[in-house]
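Undergrad: Here you go, sequence then predicted model.
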Amino acid sequence: MSAPLLPPLKPIPIKERLSVLFIEKGNLDVLDGAFVVVDKTGVRTHVPIGGVACLMLEPGTRVSHAAAALAARVGTLLVWVGEAGVRLYSSGQPGGARSDRLLYQAQLALDPALRLRVVRKMYAVRFGEEPPARRSVDQLRGIEGARVREMYKRIAAKYGVEWKARNYDTADWDKGDLPNRCLSAATACLYGVTEAAVLAAGYAPAVGFIHTGKPLSFVYDIADVYKFETVVPVAFRVAAKSHGNPEQTVRLGCRDVFRETRLLERIIPDIETILAAGEIKPPEPPEDAVPPAIPNPENIGDAGHRG
C-alpha cells in the first residue's frame, strides 16, 4: 500500500518564524508529515512544521530519524542542550551554506585590513558610536571587554542584583551563583537563534572576526550585538526575584523579548550590513548553485514603493 500523498512543504522565511521552542523529556517524531512530541504518558503535542527557527532539545529528549530529516528539509535547527540550557551540539543547515557566501566571509576574515573594518563596524553597531581610531583588533577587543564589564555592573544595579563577575564552571553549572546561571540560560537561547540565522544566511558559524578559534565564533560575534538589548536584562530581572525554576523563567522571558524586538527580522540584514563594511563585492554564486532552501518571498508592494 502506497504512503498517503502529503501537500508539499512550505516552510516560512526565518524572519517570520517563532524564535525558539524548548522540548523536555519527550520523543520528537513525525506524524502525518508534521513534528509531534510524545511525552511518557503518550500525550501528543504538535509543533508547527517549518514555523520554528530553533528547537532546543533538553535532557530526556529523543529524536527520531524522521524528525531529524524533516528538520533539515524545513530549515529548523536542532540544538541539544544540557544543564541551564547550555548548548552541547547542534544539527541542521537552515537555508544551506553557499560557497559564494562562505568565500566572501573567509576573504574578509583572512585579510587583516578587511577584518579590522568588519570589527570596527561590529563595535559601532553594538555600542552606537564609532570606535577609537587607529586601534588594532586586539586593542578593540580589550576596549570592548572593559565596556561589557561596566554594562553588566550597570544593568545588575538597575535590577538590584549583587554582581561580582561573569563566572561559571562548564563542568558544574550549579556552582555558579544565580545571576550567572540565569545569564548562561539566556545566552544559550540567544546563541541558538543566532546560529539558525547565520546558517540561514549561508555563512559559517566558525569563521569569526572578534571571536576566533571556536565552533561558533561568528555566532558569538553577531549575538553580542544584541546581548545587552535583549537577554541580559531578562536574566538579571529573573535573578532579582525568587523563582522555583529560574532557568525556565529566563527561557520564557527570552522568547518574549525576541518577539518584542523582532530579533529574527533583524539578524540577517544586520549581518549583511556588518560584512559590507569590508567594502568588497561578494562573489557571484555559481550558475549551478543550489538555491536557498527557504527563500524570502518577494513582496510586490516593495518594488517602487515610495513610503
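TA: Thanks, I have the structure now.

Undergrad: So, low pLDDT: which residues of the stretch 1-150 of the chain?
TA: 1-19, 50, 83-89, 92-98 (pLDDT under 70).

Undergrad: ok, now how distant is Phe218 from Leu140?
TA: Counting by C-beta to C-beta, to the nearest Å, the gap from Phe218 to Leu140 is 17 Å. Quick note: C-beta positions are derived from backbone N, CA and C, even for glycine.

Undergrad: more neighbours, the two?
TA: Set Phe218 next to Leu140 and count neighbours by other C-beta atoms under 10 Å: Phe218 wins out with 25 against 18.

Undergrad: ok now do that one, which residues does it touch?
TA: By C-beta atoms under 8 Å, 6 or more residues apart in numbering, the contact list for Phe218 reads Gln105, Val198, Tyr203, Ala204, Pro205, Ala206, Val207, Gly208, Phe209, His211.

Undergrad: again, 6 Å this time
TA: Pro205, Val207, Gly208 (C-beta atoms under 6 Å, 6 or more residues apart in numbering).

Undergrad: any idea which element it lies in?
TA: According to DSSP states H and E, Phe218 maps onto helix 217-226.

Undergrad: mind listing what's buried in stretch 218-235?
TA: For stretch 218-235, a neighbour-count test (16 or more other C-beta atoms under 10 Å) marks 218-228, 230-235 as buried.

Undergrad: again, but for stretch 110-122
TA: Leu114, Arg115, Leu116, Arg117, Val118, Val119, Arg120, Lys121, Met122.

Undergrad: same check, this time on stretch 200-220
TA: 200-205, 207-211, 216-220.

Undergrad: how's this structure carved up into domains?
TA: For the chain, automatic domain parsing gives the domain ranges 14-91, 99-276.

Undergrad: could you dump those domains to JSON lines with distance to Pro282?
TA: Shown next, in JSON lines, are those (distance: least, C-beta to C-beta, whole Å):
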{"stretch": "domain 14-91", "distance to Pro282": "19"}
{"stretch": "domain 99-276", "distance to Pro282": "4"}
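
Undergrad: list the helices and strands the helix or strand hosting Glu195 packs on?
TA: Using DSSP H and E, Glu195 maps to helix 178-200. On a contact count with 3 or more C-beta pairs under 6 Å, 6 or more residues apart in numbering; DSSP states H and E, helix 178-200 meets strand 18-23, strand 52-57, helix 217-226, helix 231-239, helix 246-260.

Undergrad: Any figure for the gap between the residue nearest the centre of the chain and Ala201?
TA: For the chain, the residue sitting closest to the mean C-alpha position, by C-alpha atoms, centre = their mean, is Thr194 at 1.7 Å. Thr194 sits 11 Å away from Ala201, taking C-beta to C-beta as the criterion.

Undergrad: Please apply the same query to Leu183.
TA: 26 Å.

Undergrad: shaky segments in the stretch 201-307 of the chain?
TA: 242, 288-307.

Undergrad: how does it look with 80?
TA: 242-243, 264, 285-307 (pLDDT under 80).

Undergrad: mind listing the helices for the chain?
TA: 65-74, 99-110, 112-127, 137-158, 178-200, 217-226, 231-239, 246-260, 263-276 (DSSP state H).

Undergrad: closest one to Val43 among these?
TA: helix 65-74 (17.0 Å; C-beta to C-beta).

Undergrad: Kindly calculate the angle that that closest one makes with strand 52-57.
TA: If you take axes from the mean of the first three to the mean of the last three C-alpha atoms, to 10 degrees, helix 65-74 sits at 150 degrees to strand 52-57.
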